[in-house]
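A.B. asks: Predicted model, plus sequence, below.
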Amino acid sequence: MLQLQDAGCWVDAATLAASHLHGSDYARVLQRWADYVLRGELNMWRALILYVAAGALPEALETLRKNQRPDTAAMFLLACHEIYSQITTESDHSDDMSGPTSEQSRKLVFPSKNVDDEDLIAVSEVFGQYQQKLIHVCMDAEPTAD
């Protein structure tokens, strides 16, 4: 795989990895490809797709933060939370018929244990600053009739 990646044959490497590797070995191939796409091709959106496919949520979040996309980072976190909560709720219902506690439903949960509270706090702070900036832009703008 590494030889194919080093030769720039990323799709071939990923195809070979998908048929022969599983779990973290396959994820490493996708993550290396995402790193290349981000730094070599400068394609943040394609890299994000690969990071998510690799299960590299911290790297996806870091990419959004470094590219000053607080709105997208916040929506990404909420989407991850909602999807993971839905999956865990469905699996909990098959194991145990009791519903989630109110504390569990208030706290954001993610499929990756690598998403630190520091990352969540940073995204929250930047998103708050972004919201403040939007408020000022809206308040300073002249009203328009559509």
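C.D. replies: Alright, I've got the coordinates.

A.B. asks: Mind giving me the packing neighbours of the longest helix anywhere in the chain?
C.D. replies: The helix that spans the most residues within the chain, counting by DSSP state H, is helix 70-95. Contacts defined by 3 or more CB pairs under 8 Å, 6 or more residues apart in numbering; DSSP states H and E place helix 70-95 against helix 57-66, helix 117-140. The way it works is simple: take the backbone N, C-alpha and C, and place the C-beta from them, glycine included.

A.B. asks: So which bits of that helix are buried?
C.D. replies: The neighbour-count check on helix 70-95 (16 or more other CB atoms under 10 Å) flags 70, 72-74, 76-77, 80-81, 84-85 as buried.

A.B. asks: which among those gets closest to L50?
C.D. replies: F76 (14.2 Å; CB to CB).

A.B. asks: Identify the residues contacting the closest residue in space to that closest one that isn't next to it in sequence.
C.D. replies: Leaving out its chain neighbours, the residue that sits closest to F76 by CB to CB, 6 or more residues apart in numbering is L64, at 6.2 Å. Contacts here follow CB atoms under 8 Å, 6 or more residues apart in numbering; on that basis L64 touches 44, 48, 70, 72-73, 76, 123.

A.B. asks: on that earlier part again, show the average pLDDT along the longest helix of the chain.
C.D. replies: In this model, helix 70-95 has a mean pLDDT of 74.

A.B. asks: still on that earlier bit, of the helices and strands packed on helix 70-95, which shows the lowest average pLDDT?
C.D. replies: helix 117-140 (a mean of 64).

A.B. asks: Determine the number of other residues adjacent to T15.
C.D. replies: 12 (other CB atoms under 10 Å).

A.B. asks: Lovely, talk soon.
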